[in-house]
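[1] Here's a sequence, model it:
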Amino acid sequence: MDAVSDLLPACAKAMGAQFAPIFSQLFAPLMKFAKASSPPQDRTMVVATLAEVAQHMGAPIAGYVDAVMNIVLKELGSSDSTNRRNAAFCVGELCKNGGNSALRYYDDALRGLYPLFGESEPDNAVRDNAA
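    Numbering: from 1, shown residues only. Model prediction:
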């Protein structure tokens, strides 16, 4: 699965928006690893993959915002700094590329990101991605 999580963003980077039809076939299998019952490392792998796909695929990610945003927002509050870091990056990419689909989540995204700027956040990389 680690190889797949590296391959999907690489394909999105190479193909841009043209990756959308391929990603649509791979989305459901990827999301099996994002369940609340999945280990934290599986969830963060999915969130990181989604972030990079969103970054490189661009506007077609809008069709997935409703399916993934709640998962990503929950990961902002994870006890694991890697999960928080990847979630902060993913929220930004979903908001940047998600168009109108992402607008309804801005308030929740900002509420989720806000604590990551405080002194209670021990990981500078989390703060950096939140910014």
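[2] where does the spatially most central residue of the chain land in three-state SS?
    Nearest residue to the geometric centre of the chain (CA atoms, centre = their mean): residue 90, 3.1 Å. At residue 90 the chain is in helix, as set by DSSP: H, G, I helix; E, B strand; the rest coil.
[3] Look up how far residue 80 lies from it.
    Distance of residue 90 to residue 80, given as CB to CB, to the nearest Å: 14 Å. The way it works is simple: take the backbone N, C-alpha and C, and place the C-beta from them, glycine included.
[4] before we move on, what about residue 91?
    16 Å.
[5] what does residue 15 give?
    Taking CB to CB, one finds residue 15 at 31 Å from residue 80.
[6] swap in residue 88?
    13 Å.
[7] who's more crowded, the two?
    residue 88 (25 against 15; other CB atoms under 10 Å).
[8] Show the model's pLDDT score for the more buried one.
    Looking at residue 88, its pLDDT is 98.
[9] Now for it: which residues touch it?
    Going by CB atoms under 8 Å, 6 or more residues apart in numbering, residue 88 touches 76, 113, 116, 126, 129-130.
[10] Swap in 10 Å and give it another go.
    Applying CB atoms under 10 Å, 6 or more residues apart in numbering to residue 88 gives the contacts 47, 51, 72, 75-76, 109, 112-113, 116, 125-131.
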